[in-house]
Structure formats: structure tokens, C-alpha cells
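Trainee: Show me the folded form of this:
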Amino acid sequence: MVIIGIDCHTQVHVAASIDATGQVVGRFTAGASAQELAALTTWASNQAPNLVAVEGARGFGLALTRCLLAADLEVADVPTHLTADGRRRSRFRGKDDESDAVVIARVALRERDLPHLRPGHLDADLKLLVDARDQAFSGLNWSHRPPMVP
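Mentor: Below is the predicted model of the structure:
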């Protein structure tokens, strides 16, 4: 069993792969350009992971998540509070991207009910948010219009 954890940021994504015992078996760091995301996706595919766990899969990791899903990898979204809990349990002190990637992978190893993502889900989530925003602004505009005078 191999699980990959990825800590995503605006400019860099840091990945670590672990085995079934939680031992680190690989690491990879990539920028956020399309070429570097493709390189990270290729590295991840070559690890033959059972799961790729991405912290912020719908945020900073959205572009990467789409690449991973397009490569037919199983992707789970790891909430930031679980990463923070895992960091507190870790014997390593401090916060850095490499150790966070390991923590994310270990959280995925421990937590079996993380939300798994599908390509259509990402677009559906975005549509729901846009529709809710549009509806809120539409209601706001109507409530601030002066009454019509005949």
C-alpha cells in the first residue's frame, strides 16, 4: 500500500509517499505551473498509490487535483484541521511543508472516511457556489431599489 500526501500552496506543492506502516518512501516538490503539475502527476502515478491525499483539494490544490483525477488516481480531500491535529501528534516540532506532506499522508492512512473526489464533483461544487452568490446578489439588488412611484 502506498499513500501520497500533498501540501498545496499558491507557488509550490510538496508531496510525500508513505507505505502501510507510515514510513516515508518518496518525496517530490513542484511549482504551480502546468508543466510542474504534470511532472508531479507523473511522479504520483509512478508511485502506484492506493490514494492521493490533498490538503485544500478545492482551494490551492484545485488545479493539481484536476490533473490527478485526469490521470485516474484516487484523490481524497484532507481538511486542514486534521492536518493540524496530525502535526500536534507528530514527534517533529514546528511546521514545514515537507513534514506537513507526511502528516497529510498519515492522516489519510488513519482516516478511512475522507471525502473522495470525482472530476464532476469539482465543477458541481463551483457551480453551486456561483449560483448561491448570484442569488444572494440578486436579492441584495432588489432590496436596495427605491420603490416605484407612478
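
Trainee: Ala30: neighbour count?
Mentor: 19 (other Cβ atoms under 10 Å). In short, each C-beta sits where N, CA and C put it, glycine included.

Trainee: If I follow the layout properly, it ends up in contact with His13?
Mentor: Yes - at 5.3 Å, Ala30 counts as touching His13 under the criterion of Cβ atoms under 8 Å.

Trainee: Give the residues shared as contacts by the two.
Mentor: Among the neighbours of Ala30, those also in contact with His13 (Cβ atoms under 8 Å, 6 or more residues apart in numbering) are 36-37, 40.

Trainee: And those, which of them are buried?
Mentor: Buried by 16 or more other Cβ atoms under 10 Å: 37, 40, out of these.

Trainee: Now render the shared contacts of Ala30 and His13 as JSON lines, adding distance to Arg89, pLDDT and secondary structure.
Mentor: Shown next, in JSON lines, are the shared contacts of Ala30 and His13 (distance: Cβ to Cβ, whole Å; pLDDT from 0 to 100; DSSP: H, G, I helix; E, B strand; the rest coil):
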{"residue": "Glu36", "distance to Arg89": "31", "pLDDT": "97", "secondary structure": "helix"}
{"residue": "Leu37", "distance to Arg89": "30", "pLDDT": "97", "secondary structure": "helix"}
{"residue": "Leu40", "distance to Arg89": "26", "pLDDT": "98", "secondary structure": "helix"}
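
Trainee: which one among the shared contacts of Ala30 and His13 gets closest to Asn46?
Mentor: Within the shared contacts of Ala30 and His13, proximity to Asn46 (Cβ to Cβ) peaks at Leu40, which comes in at 10.8 Å.

Trainee: Many thanks, we can stop here.
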